[in-house]
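Peer 1: Sequence first, predicted model second:
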Amino acid sequence: MATDHAGYELKEHLKGKLCEAGYEVIDFGVLKPKPDDDYPDFVVPLAHVLSRGEVDRGIAICGSGVGASVAANKVAGVRACLIHEVFSAHQGVEDDDLNMLCLGGLVVGHSLAWDLVQSFLAARFSGEERHRRRLAKVADLERKP
C-alpha cells in the first residue's frame, strides 16, 4: 500500500482491515502525513516492487486516486486503475490482469473502499486467449520509446 497525506486516513483504515483479514501488508508510506508530500514518492516505489513480482497486488491512494494511477502506470508491468465501483474492481483483474487498485482518499468512503479492496483481492485473471492477446499488445506499448 502507498499513499500521500490525502489518502493517509483511508490507507490506515484499509491496512487495519487487511491485517484483520490475514493479509500481509507492506506499507510504502506515507507514515506521517505532511501537507506538502507528493504521491509519486510513495506510489512509484510500490509500483517498482509490483513490476518486479515482489508483491502480487498493490493499493495506491491519493486525494482523487487519479495521480496515483497516472504515476503507477508509468512503470512497465503495472496495470493500475482508479476504481469507484465493485464490478470494475473484480472485472479489471479478471479481464485485464489489473495488479494495482487506485482509490481516492477524499472521494471514497471507508465502507465502499473496503468492498472494492475485497473484490480486487479475491478476483483472479481468467487467462482467456482474447485477454492474453490484448495484454500482449499493451506490453508491446511498454517496450516502445
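Peer 2: The structure has been received and is ready for your questions. Numbering: from 1, shown residues only.
Peer 1: Neighbours of His13, how many?
Peer 2: 16 (other C-beta atoms under 10 Å). Quick note: C-beta positions are derived from backbone N, CA and C, even for glycine.
Peer 1: the strands in this structure, which residues?
Peer 2: 2-3, 58-62, 80-82, 100-104 (DSSP state E).
Peer 1: Any chance of CSV for the ones you listed, columns mean neighbour count, distance to Ala21 and mean pLDDT?
Peer 2: Below are the strands of the chain laid out as CSV (neighbours: other C-beta atoms under 10 Å; distance: least, C-beta to C-beta, whole Å; pLDDT from 0 to 100):
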stretch, mean neighbour count, distance to Ala21, mean pLDDT
strand 2-3, 31, 19, 96
strand 58-62, 29, 13, 98
strand 80-82, 22, 22, 98
strand 100-104, 27, 15, 98
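Peer 1: among these, which is nearest Glu129?
Peer 2: Glu129 lies closest, by C-beta to C-beta, to one member of the strands of the chain: strand 80-82, at 22.1 Å.
Peer 1: So what touches the closest one?
Peer 2: Residues outside strand 80-82 that contact it (C-beta atoms under 8 Å, 6 or more residues apart in numbering): 47, 58, 60, 64-66, 68-69, 72-73, 88, 92, 96, 98-104.
Peer 1: can we see that at 6 Å?
Peer 2: Outside strand 80-82, the residues that touch it by C-beta atoms under 6 Å, 6 or more residues apart in numbering are 65-66, 69, 72-73, 92, 98, 100, 102.
Peer 1: of these, buried ones?
Peer 2: Neighbour-count burial (16 or more other C-beta atoms under 10 Å) applied to the contacts of strand 80-82 gives 65, 69, 72-73, 92, 98, 100, 102.
Peer 1: Please enumerate the helices of this structure.
Peer 2: Under the criterion DSSP state H, helices of the chain are mapped to 8-20, 40-51, 66-72, 86-96, 110-122, 129-143.
Peer 1: For Lys34, find the nearest of these.
Peer 2: helix 8-20 (9.7 Å).
Peer 1: If anything else comes up later, I'll come back, but that's it for now.
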